[in-house]
Structure formats: C-alpha cells, structure tokens
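[1] predicted coordinates and the sequence they were generated for:
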Amino acid sequence: MINDLKTIMTTLGASSREDAIGDKLSEMIRPYVDEVCKDPLGNVIAVKRGKANDPQKVMFCAHMDEIGFVVTFIQDDGLVRVSSVGYIDYIAASNHRVRFENGAVGVLVPEGKTEAKDLRQEKFYVDLGVKSRREAERKVKIGETGAIESTLVKLGGKRYSGRPFDDRIGCYILVEAAKLLKKPENDIYFVFSVQEEVGCRGSRTASFTVRPDIGIAVDVTPSGDVVNPGTNLCVKLGGGAAIKVKDNSVMCDQALVRFITDLAEEKKIAHQTEVLTYGGTDASSMQTVAGGSRAGGISIPIRFCHSPNEMIDMGDVEACIKLVAAVAEAKRI
Amino acid sequence: MAKGLQLLEKLCQAFGPTSCEYEVADLICEELQGKYDEHTVDFIGDHVFRIKGKTDRKLMLSAHMDEVGLMISAIDEHGYIYFQPVGGFDVKVLCGRKLFVGDYGKEKISGLIASKAIHQQSWEERGKATPINKMYIDIGAKSKEDAEKYVSVGDYAVFDSDFIRFGDGMIKGKAIDDRIGCAVLCDIINYIHENKITPDFDLYFCFTVREEVGRSGAVVTANRIKPDMALVLEATAVGDIAGTPAHKRVADTGKGPTVSFMDHGTAYRSEMIDFAMKLGRDNDIPCQLKRYVSGGNDAGHIHKSSGGVKTVAVSCPTRYIHSASCVFNEADYDSMYRLARQIALCPVSETPVK
C-alpha cells in the first residue's frame, strides 16, 4: 500500500505535464474499473458502470498535477531562471532542491542579499551546478518544468511528512476506493484531473465530457490546529475525513453535504465538517460546467500545504477511502 | 510592401475597439470574398470562414479583431469628454495622445487627451501620471451642446496613429495586437485560394471579438465549432528594450514569432509546443520560445472549451504593445505567416491529434 503511495508521490507532474503520472494512475486503477480514457488535456477518466437501470453519474475528482516551476531563461553563467507553476510560497521553497522532467537536479536559491520580506519569484534562480549556458542546456530546456523534490517520511503515529500530498494523496484515495467497490448501483467516475493548481482547468473539460449528476472533489484542506493559523479553520489533523461545506470557489450542495455526513455517521467513519475561508478546488468547475451538477468535497486534512514538507495523518486517509467507497456504493444520492 | 502587410495597414487603421469590431470585420469580409466554403457570424459578432478539408478533423485558427480603446462615459458643461478604458491600459501612454472618437457607422472626429501644461501643474502633480478619472478628451467643442452634436455617451475612442516603416525593417502602428493575427489568417486563406489547395484539416478561420476585456468571443466560437486542435495567433509584449535584464526580455524582435509554453491563461501541452517548434525548424522558419510567463490570450478560453482542445499560441514579438505606437519587425510577420501556414496545411497524421 505504502509502495503505491510512494510511486504516486514521486512521479513528477507539474501542471500541464501530467502524462507520466496519468499513465501510472491509469495502470493502477484499470483492474478495478470498466474503462479508462484520457482526454485532450490529459485528464484520466476511469468509469465503473453501475447496475441500476437509471444510474446516476457520480464523479470523484482528484487532481494529479503538482505545483512547480517552469524554466524561462538560461543565463550565460549557466544559472537558470524559473517562473512559478501554481502558487509557490517562496519562503518555504527557498534553498530546496528542484528536480526537472528529464531528471536534472538543482537548488532553488534567492539572489544574494535578498531580505526575507523580498523573497519573490523574480529573486530566485536554480543552480544546476554547471559552469556555462551550454552545460545547462544539456540538462534543462526552456519551457521544461520541475518541482521541489518529492519526499515521504514516516513521523510519529500515523503521520507522514513529505510532498506533494496535494493532491496525490487524493489520487491514492481514489485508487484505493476503487479497489473496495463491488457492484455499485450508479456509474462511478474516478477522474484524475490536470491543471488544478493553475485554476481548476482540467476538471472543467473532464466535467464537460462526463456530465456528472454528482461531483465530489477529493482534495486536501488546510487544518487549523497549528500555531497561530492566521485565520480560523475548523479542520483538525487526525479528525477524520473532512466533509466540505464551502471554500472560496464553491458553496457545496446542502443536501449532498447532509447525505455524505449521514452516511459517515451510519458507517461509523471518522469525519468532521470543513468550512474553508480561502482556496479553491475542482468542486467549483464540476458544479458549473455544462448543465452543472450537485457538487461537494471529501477532503484530507493537511498541515503546511504547498510547502516542501506537507503533513498528513494516515488515519484521515483511511477514513476518506472508506467514505468515498461508501458514497460510491450508495443507492441513490 | 508585401500584400499581407498592405492588408495589415488597412486593418490597423480601422476603428475596432472591443465590442465594436464591425469595421474590421467589414474589411476582412471584403478581402475574403469568394475564397471560402462557408461563412458564419454569431450573435456577438465572431466571423468564421470555413475551408473544407480532406478529413473531418477540425483545426480552429483564431485571431481577435478588437483593439484596446476608450469608452465615452460623460460630457461636461465645457464640452470636455470623460472616458473609461476598454481593455488594459497603462495610463502613462494616454496623456497628450491624438484620438478618433465615434462609433460604427458614424463619422469619426478628432480629439486629444488633454494634459495640463507643466506651467500649471502643482509641485505634487509634477513627475506623476495623471489618474485616468482626471483625464479628459478635448474635441475643440464650445459647449456641452456643441460636443453632443458629434459625440454621445457610449461612443468609443481609439488612437489616431499612422502605420509607418522606420529603421531596419521595423513597422510602427496601433492595434498590431491583434490585427497582425487577422492579417496572417487572411494571407493563409489567400494562399490556399490562389494555389487551389485542399487542406487535410477542416479549417475554421475565426476572427473573434472581445479578447481585450477577457470575456472572449473565442469561448463562444470554440464551444460552437468544437475543434480537435487550435492555433491562436497573437501579438506578444516583448522586453528587448532599454533597461530590461536579459531574463525578463520575453523574446527578441527580428528572431521570428514566439511559441508560448505558459502564460497566465494557459499551460500549453509540451507535444503542442514541440510540434510548432519542429515545424519551424524543419522548414527553416525562424521561431523562438517566449521566455517569460506573462499575459494571456484566447488560448486560455479555447483549450478549456467543451471537452478540451489541444492548443498552441504563435505570436509576433511586439514592443510597446497596448500603446499608440506598437513596433514589430516585418521579417517576423513573414515568419509568423509561414509558420502558421505550415500548421494550417499540416497533414493530420503528423500532428498531436492524429
């Protein structure tokens, strides 16, 4: 199990470069579904057909892209300028190793004498340890993407530190939930979406193709149990699957929130309510694309999101797997 | 001057701010008369010219007709005219500029954006840009009544700026963004017509509206056509100008059109970037990667339309974009045209949508 998670975590895939991780996830989920296909933007859409005469279409969506960097310029001295792909916290990213698509590794560092308050994208460059532009060009190309190196380290209890849990942990949950499915009533779509980190783009086109009745985003949500969280967040790490009520991109369907909550109660799955005061997820696009759908979210609590050392609790992950499977097996939503 | 550039001059001189693109569309319709299989105009004014292909795979080629402009919002008792920007402006490029004021089907009159002479500026005002709500257009009217004979609230204004050649192959004009894309599309249609070519792709040449305000006609067009692949032709801001460090120059004028890997609207798929760059290399067409993440264009809407569209953006490097004096290199026009033509006429089997 943890080996699968390791594979999912360590396969590089910044937004728009998800083919490698998409192929791996396709292979992992294929034995447990009826069909898997890839759309023009690279979304992986897997479906398990339901046995009901009039099945609902239930779409679970976890994004497989990660935040990262794209090479914009290679200087004569071989140092490489990059631009953010998605939201990067440069204070957190500063002085970490970056791995690029073809395997080259470098260190992301700010220009000398940059004060902490000035740590912005423009100040950063990647040092590949080469001496000239020619050498650098053998390692990376303009337009090539990279990301802070992936890690997965076990801490105390069921907690893990690493990246990118956002949202590979959601992808992992979908694969594991698919394994639990027996013969669902409804058509269950597991979508591994692209380009969430740059504005929920992939889930738009996937939703257009699937036209779900119910759309559920399976993504991480920041937990508020850290020192001085800055804003009041009710979610706690280890508190169970977080059932989304809102974030900054979506107001979830109230009846769906109720339904998922009741189901968690009935099946005795650890759960909590999520009210997120910022951020956005694929739930927003599932809700509004084409004719729209009833949308919600089952979220995984996370600490230090978008940093090189995010933290999750496997107890929450197990609860999310059970809850996704329970919703997928439900008769009528 | 090459034929395409002559057309470009006419298109640039046309009066076509956002949602008032009719004059540009009229010129394009006149130019393309009888050279296409099908012509449709949708409810917001997008013009689509179809040239049927050997296959039913659809390639959407898109350029927007609108330009940044101003909209008249009020006329005061002195006959001075106040305005709102339509599209993204740096206020500093407005001060003291000559304009044409009017609307489609209405006579355009000259005006200029007034700027207080340095003699009358307070010490606080000196050296600072006038905020846009303090600027006004002077059309030389005697009074409000006099001004209202020529101008109504809701009319538009665009820059009055000549299309001229200067220096080593450089051209200056207004609205290069994106009449240059429109001219390239017309040139490709002319080429196909003159050489009686049946392309492999079913080609949809789309002249779209309203790009400059972000609510683009390309959304409507793309959702209607549902293309398999899309090519967006644009003008892109470049920083090969004084005081810009090398890594922020974006691209260089004179080194061919840019192919984007990422901008604020689109993260392009690498197969599309590689496809365009390879066509350039194989056909000895100069082209360059856009080396900075900035701006956005119709690709942002097109690639997300319906079930998703594989999209590539090819742009002409243009200095001082969104000003009265945009500057580009005429060799880049030629390279952009040749690269776009190669993409348009590429056999489906040699593209990423095979």
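    Thanks, I have it. Numbers count the residues shown, from 1 in each chain, chains lettered A, B, ... in the order given.
[2] up against chain A, what does chain B have?
    B:228, B:246-248, B:261-262, B:267-270, B:273, B:289, B:291-293, B:303-310, B:353 (Cβ under 8 Å from any Cβ of the partner chain). Every C-beta, even on glycine, is put in place using the N, C-alpha and C of the backbone.
[3] quick one: the helices in chain B, in order.
    B:3-13, B:22-32, B:144-148, B:176-194, B:217-225, B:270-282, B:299-302, B:330-344 (DSSP state H).
[4] most tightly surrounded among those?
    Most buried of those by mean neighbour count (mean count of other Cβ atoms under 10 Å in any protein chain shown) is helix B:299-302; its value is a mean of 28.
[5] check the offset of that helix from the chain's centre.
    Taking Cα atoms, centre = their mean, to the nearest Å, one finds the center of helix B:299-302 at 15 Å from the center of the full chain.
[6] how near is residue A:120 to residue A:111?
    11 Å (Cβ to Cβ, to the nearest Å).
[7] one more: residue B:259?
    Taking Cβ to Cβ, one finds residue B:259 at 29 Å from residue A:111.
[8] out of the two, which sits in the busier spot?
    residue B:259 (25 against 11; other Cβ atoms under 10 Å in any protein chain shown).
[9] from residue B:191, how far out is that one?
    With Cβ to Cβ as the criterion, residue B:259 and residue B:191 are 21 Å apart.
[10] pretty sure residue B:193 sits against residue B:35.
    Yes - with contact defined as Cβ atoms under 8 Å, residue B:193 reaches residue B:35; the gap is 4.1 Å.
[11] how is the chain carved up into domains?
    Going with chain A. A:2-66+A:164-329, A:68-148 (automatic domain parsing).
[12] you answered for a different chain; I wanted chain B.
    B:3-67+B:174-350, B:69-159.
[13] can you list the residues of chain A near chain B?
    A:15-17, A:39-43, A:70, A:72-73, A:75, A:81, A:83-85, A:122, A:142-143, A:195, A:198, A:201-202, A:204-206, A:208-209.
[14] let's see which of the residues you listed end up in strands.
    A:70, A:72-73, A:81, A:83-85 (DSSP state E).
[15] of all these, which two lie farthest apart?
    For those, the farthest-apart pair by Cβ to Cβ is A:73 and A:85; their separation is 15.4 Å.
[16] of these two, who's got more company?
    Between residue A:73 and residue A:85, counted using other Cβ under 10 Å, residue A:85 has the larger neighbour count: 25 against 21.
[17] bridging residues for the more buried one?
    Here residue A:85 sits in beta bridges with residue A:68, as judged by DSSP bridges.
[18] do I have it right that it meets residue A:197?
    Yes - using Cβ under 8 Å, residue A:85 is in contact with residue A:197, at 6.8 Å.
[19] out of the domains of chain A, nearest to residue B:329?
    Across the domains of chain A, closest to residue B:329 is domain A:68-148 (Cβ to Cβ), at 20.9 Å.
[20] how distant is the closest one from the center of its chain?
    23 Å.
[21] endpoints of it, how far apart?
    Across domain A:68-148, the terminal residues are separated by 7 Å (Cα to Cα, to the nearest Å).
[22] which residues of the stretch 101-250 of chain A score low on pLDDT?
    Along the stretch 101-250 of chain A, the model assigns pLDDT under 70 to no residue.
[23] and the helices in the stretch 1-150 of chain A?
    A:2-10, A:19-29, A:90-93, A:133-139 (DSSP state H, counting those that start in this stretch).
[24] format those helices as JSON lines; extra columns: mean neighbour count.
    Output for the helices of the stretch 1-150 of chain A, formatted as JSON lines (neighbours: other Cβ atoms under 10 Å in any protein chain shown):
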{"stretch": "helix A:2-10", "mean neighbour count": "16"}
{"stretch": "helix A:19-29", "mean neighbour count": "19"}
{"stretch": "helix A:90-93", "mean neighbour count": "17"}
{"stretch": "helix A:133-139", "mean neighbour count": "16"}
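[25] closest to residue A:151 out of those helices?
    The nearest among those, by Cβ to Cβ, is helix A:2-10 at 8.0 Å.
[26] what helices or strands is that closest one leaning on?
    helix A:19-29, strand A:151-154, helix A:165-180 (3 or more Cβ pairs under 8 Å, 6 or more residues apart in numbering or on different chains; DSSP states H and E).
[27] which one of those lies nearest to residue A:129?
    strand A:151-154 (20.3 Å).
[28] buried ones in that closest one, by neighbour count?
    Burial within strand A:151-154, assessed by neighbour count using 16 or more other Cβ atoms under 10 Å in any protein chain shown, is assigned to A:151-152.
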